[in-house]
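# Quick one: sequence and predicted model below, then my questions.
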Amino acid sequence: MLKSGQDSEGKSGGPMMNDANAQSESGQAADGGADVVRETGEGRDCDGVGIAGENVGGIVQQLDQSEGYPYPLRDYVRRFLWKIVWLAFIRFSPSRSYSWRRFWVRRFGAKLADSSGIRPTTRIMHPWLLEMGEHSILSDRVLVYNLGQVTIGSHTCISQDVELCAGTHDHTIAYLPLIRSTVTVGSGVWLCSGAFIGPGVTVGNNCVVSARAVVNRDVPAGMIVAGNPATVVKPRVMKQVKAQGRRAGRLRVLHATMTVSKLGGGVATYVWSLADRLGQSQIDSVVVGLSDGQLNVRDLPRSDHVLPVVGVPVGPRALGYSRELQCRLDGLVADVDVVHLHGLRTVLGAQVRRAAARHDVPVVISPHGQLDSWVLARQRARKWVVDRLWEQGNFAQADLFHAVSEHEAKQFRAYGLNKPITVVPCGIDLDDYLTEPDDSVMSEIDKDLAGKRVILFLSGLSERKGLFELARVWGRLCQSHPDLRLVIGGYGELPGLAQAINQSGAGGATRLIGEVNDATKLRLLATADYVVLPSHSEAFAIVVAEALASKTPVITTTAVPWPSIREEGCGWWIDPTESALEAALREAMAQSESDRMAMGEAGRALVERGYSWERVAGQMSDVYRAVIARHAGQNNQGEFEKLLADI
């Protein structure tokens, strides 16, 4: 709105104010064919005038004739009230309070789908001239300058700093009458950061408008445009995912896990391996999780029977929340037969469980060690809050709890869970662990390791793994065994570990090698003399199974659920104390090579009997089918009870 000769309160004598943001520079001509409403003022002649020849060198605009108040009084009142509400209730609202902001914007006439989103810093000129479809988002600092109607379709992302300008002036008339136009953004559109969409423009369905592009003409559906002015770059071509649709005669499981990359440790490895092996049992899988700095989505496993769905986390990563996954979960859960939650106390788990309730889908929960007493003793306040906010709801809705060992199942009961429990261990690919010992792998890591006997730690680096206790014990032993070296490898960082090793006097006899790739891991496991895991808490400890499959004896604690190590004579299963660890290491170092090899053979036989992926996937397949049948009310109580642990 132009106010010639008025100040911001409408009093004469003030400077000129521009209420339409002077968007004629966008290239959108006032008479360029768009549907517009001109505010011409009563009694003014709007016929064209050949000013170019008559006013050469003169001023062609006559802003003293501009109408000061082109809107009805009620619009000014609504705008005033809207600014107060925006400042008081929206601008500083929590970033995730989408329903709160929808409530207030709807009070001013906006038509918003229930799953649409508006950020706190989004600026909307006239809420009553805004319409948004399902799962669409207006990101931070987006300006909806809707002097006319702005319509946004479904599943459309409007990124930061985009401007939707549905208003300009007719620059061919001296007093620049206001033009209230329209802007229409279709469904499945992505407007990238800083893009400008001019008056009268329609962006077709499934388009991408590149960052900083200036769009002043309609964009055909399915195109990518860029530049100033924006031009078509190429058609938008989507990758086809084979596992997207249901396949006849096959069940479908949705696995939800906090992290799908290697940062997820053994849980992520377990989920991907289980999903892959279930394909042999006529079960397709959808794996849902959060991305992280270690993840390249293109590297994720993808096959006819495994579909990865990854979302970007929002807010503190420990909460496990993703806006984009939230928007997709209903559609994903509605198309599966059972939901399997891996891990506890994440927003993602609560969202998946609620979607399962809406679509009457059964739920299986695998805590993966998070109900261990050692784990529960840490961050008690946070766990108490989260349990009451949503985790107890997850527990109440679960049809079945899955434990990877009887030890973990007993932890469930100790925690107070009274739902059915099944015990199915983790599995390994036995054929991968037939690698022959290769002394060269040690010298490749460090020349000092050549010809030395090696005790190997290979797991995630955390306080829970007992590494500080191991450092102190090793410091007392290494001086009397110069032919031995401790090699510590694994993902993550443990502050203070290197310092603890040096303070113990074991710096010269210890090598910290960091994370290793799969090929190197197999060579290390096959070549090491012993594998040590002095953990305080483990749900399963897949590295134990891997070491035994590699015919390498294991030294671990009773906090690791492998009593069969002692029973089958393939290592040491000891109390989680420094004295017990020291005694086991001394006994191992004094062992003959023939006794060590006999232990290795016993370990290989143990995992061959019960821990192959073929066996484990078959057991989980039976579990899923029994849970689905029981949830549907079918009379299979006998079959279901066969799968339950007597805990």
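Nice, I can see it.
# Tell me where the model's unsure across the stretch 51-200 of the chain.
Under the criterion pLDDT under 70, the flagged ranges of the stretch 51-200 of the chain are 51-57.
# what about the strands in it?
Applying DSSP state E, counting those that start in this stretch to the stretch 51-200 of the chain gives strands spanning 111-112, 117-118, 123-124, 130-132, 137-138, 143-145, 150-152, 157-158, 163-165, 167-169, 178-180, 183-185, 190-191, 196-197.
# What strands line up against the fourth one, and which way round?
Just to be clear, that refers to strand 130-132. Applying DSSP bridges to the sheet, strand 130-132 is found paired with strand 111-112 (parallel), strand 150-152 (parallel).
# about what we covered before: Serialize the strands of the stretch 51-200 of the chain to CSV and add fields for distance to residue 590.
Backbone N, C-alpha and C define where each C-beta goes, glycine included. Listed next are the strands of the stretch 51-200 of the chain as CSV, based on distance: least, C-beta to C-beta, whole Å:
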stretch, distance to residue 590
strand 111-112, 74
strand 117-118, 66
strand 123-124, 75
strand 130-132, 73
strand 137-138, 66
strand 143-145, 76
strand 150-152, 74
strand 157-158, 65
strand 163-165, 76
strand 167-169, 87
strand 178-180, 90
strand 183-185, 75
strand 190-191, 66
strand 196-197, 77
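# how many neighbours does residue 425 have?
20 (other C-beta atoms under 10 Å).
# what's the closest non-adjacent residue to it?
Excluding the flanking residues, the one nearest residue 425 by C-beta to C-beta, 6 or more residues apart in numbering is residue 404, at 5.4 Å.
# quick one, phi/psi of that neighbour?
Dihedral angles of residue 404 (phi, psi; degrees, to the nearest 10) stand at phi -90, psi 0.
# For it, which residues are in contact?
366, 368, 423-426, 539-540, 561 (C-beta atoms under 8 Å, 6 or more residues apart in numbering).
# that older thread, could I get the strands of the stretch 51-200 of the chain as CSV with distance to residue 362 and mean neighbour count?
Below are those laid out as CSV (distance: least, C-beta to C-beta, whole Å; neighbours: other C-beta atoms under 10 Å):
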stretch, distance to residue 362, mean neighbour count
strand 111-112, 33, 18
strand 117-118, 30, 25
strand 123-124, 42, 18
strand 130-132, 34, 23
strand 137-138, 32, 26
strand 143-145, 43, 21
strand 150-152, 37, 23
strand 157-158, 33, 23
strand 163-165, 44, 26
strand 167-169, 53, 27
strand 178-180, 54, 24
strand 183-185, 39, 24
strand 190-191, 36, 23
strand 196-197, 46, 26
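# give the contact list for residue 618.
Applying C-beta under 8 Å, 6+ apart, the residues contacting residue 618 are residue 281.
# So which residues of the stretch 1-150 of the chain form helices?
51-54, 73-85, 98-107 (DSSP state H, counting those that start in this stretch).
# which stretches of the stretch 151-300 of the chain form helices?
Counting by DSSP H, counting those that start in this stretch, the helices of the stretch 151-300 of the chain are 265-278.
# What score does residue 24 have for pLDDT?
Note for residue 24: predicted pLDDT of 43.
# swap in the one 4 residues further on?
Model confidence at residue 28, expressed as pLDDT, equals 45.
# How about residue 438?
85.
# Next, the contact list for it, please.
Contacts of residue 438 (C-beta under 8 Å, 6+ apart): 523, 526-527.
# Out of those, which sit inside strands?
Among these, none falls in strands (DSSP state E).
# Dump those into a markdown table; add neighbour count, pLDDT and distance to residue 556 as well.
As requested, the contacts of residue 438 are exported to a markdown table (neighbours: other C-beta atoms under 10 Å; pLDDT from 0 to 100; distance: C-beta to C-beta, whole Å):
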| residue | neighbour count | pLDDT | distance to residue 556 |
| --- | --- | --- | --- |
| 523 | 22 | 93 | 21 |
| 526 | 20 | 93 | 18 |
| 527 | 20 | 94 | 19 |
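# ok, back up a step: tell me which two of the contacts of residue 404 sit farthest apart.
Spatial extent of these (C-beta to C-beta) is set by the pair 366 and 561 at 14.2 Å.
# Next, format the contacts of residue 438 as CSV and append distance to residue 474.
Putting those into CSV (distance: C-beta to C-beta, whole Å) gives the following:
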residue, distance to residue 474
523, 23
526, 22
527, 19
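# Tell me the spatial nearest neighbour of the residue most central in space within the chain, not counting adjacent residues.
Residue closest to the mean C-alpha point of the chain, counted by C-alpha atoms, centre = their mean, is residue 290 at 2.0 Å. Spatial nearest neighbour of residue 290, excluding adjacent residues (C-beta to C-beta, 6+ apart): residue 313 at 4.7 Å.
# Also residue 575?
residue 558 (5.9 Å).
# contacting residues around the one you found?
Contacts for residue 558 (C-beta under 8 Å, 6+ apart) come out as 573-576.
# Quick check, the residue nearest to residue 290 in contact with residue 320.
Yes: assessed by C-beta atoms under 8 Å, residue 313 is found in contact with residue 320 at 7.0 Å.
# between those two, what contacts are shared?
Residues touching both residue 313 and residue 320 by C-beta under 8 Å, 6+ apart: residue 290.
# ok so, going back, what about burial for the contacts of residue 558, which qualify?
The neighbour count (16 or more other C-beta atoms under 10 Å) marks 573-574, 576 as buried among the contacts of residue 558.
# In strands only, show me these.
Within those, residues falling in strands by DSSP E are 573-574.
# Point out the most buried one among the helices of the stretch 1-150 of the chain.
helix 98-107 (a mean of 17; mean count of other C-beta atoms under 10 Å).
# between it and helix 73-85, how big is the angle?
160 degrees (axes from the mean of the first three to the mean of the last three C-alpha atoms, to 10 degrees).
# Out of the contacts of residue 438, the closest to residue 565 would be?
For those, the closest approach to residue 565 (C-beta to C-beta) belongs to residue 526, at 18.3 Å.
# residues contacting that closest one?
With C-beta under 8 Å, 6+ apart, residue 526 has these contacts: 433, 435-438, 550-552.
# Least confident of the contacts of residue 404?
Lowest pLDDT within those is found at residue 539 (86).
# ok, it to residue 515 distance?
As judged by C-beta to C-beta, to the nearest Å, residue 539 and residue 515 stand 21 Å apart.
# Those two: which has the busier surroundings?
More neighbours surround residue 539 than the other of residue 539 and residue 515, with 25 against 15 (other C-beta under 10 Å).
# Which residue is the nearest non-sequential neighbour of that one?
Residue 539's closest residue in space is residue 369 (C-beta to C-beta, 6+ apart), at 3.1 Å.
# give me the number of residues near the one you found?
Around residue 369 there are 26 residues (other C-beta under 10 Å).
# Let me know the pLDDT of it.
Confidence score, pLDDT, at residue 369: 90.
# Contacts only, for it.
Going by C-beta under 8 Å, 6+ apart, residue 369 touches 375, 408, 537-540.
# try residue 398
Counted by C-beta under 8 Å, 6+ apart, residue 398 has contacts 363-365, 419.
# Could you dump the contacts of residue 404 into TSV with distance to residue 447 and secondary structure added?
Formatted as TSV, the contacts of residue 404 follow (distance: C-beta to C-beta, whole Å; DSSP: H, G, I helix; E, B strand; the rest coil):
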residue	distance to residue 447	secondary structure
366	43	strand
368	39	coil
423	46	strand
424	44	coil
425	39	coil
426	36	coil
539	38	coil
540	36	coil
561	38	coil
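# gap between residue 496 and residue 472?
Residue 496 is 13 Å from residue 472, by C-beta to C-beta.
# Between those two, tell me which one has more neighbours.
residue 472 (18 against 12).
# got a list of what that one touches?
Each residue near residue 472 by C-beta under 8 Å, 6+ apart is listed here: 500, 504, 578.
# Just the ones of those in strands?
Judged by DSSP E, the subset of those located in strands is empty.
# Buried subset of the residues you listed, written for ChimeraX?
Buried members of the contacts of residue 472, defined by 16+ other C-beta under 10 Å, are picked up in ChimeraX with:
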select :500,504,578
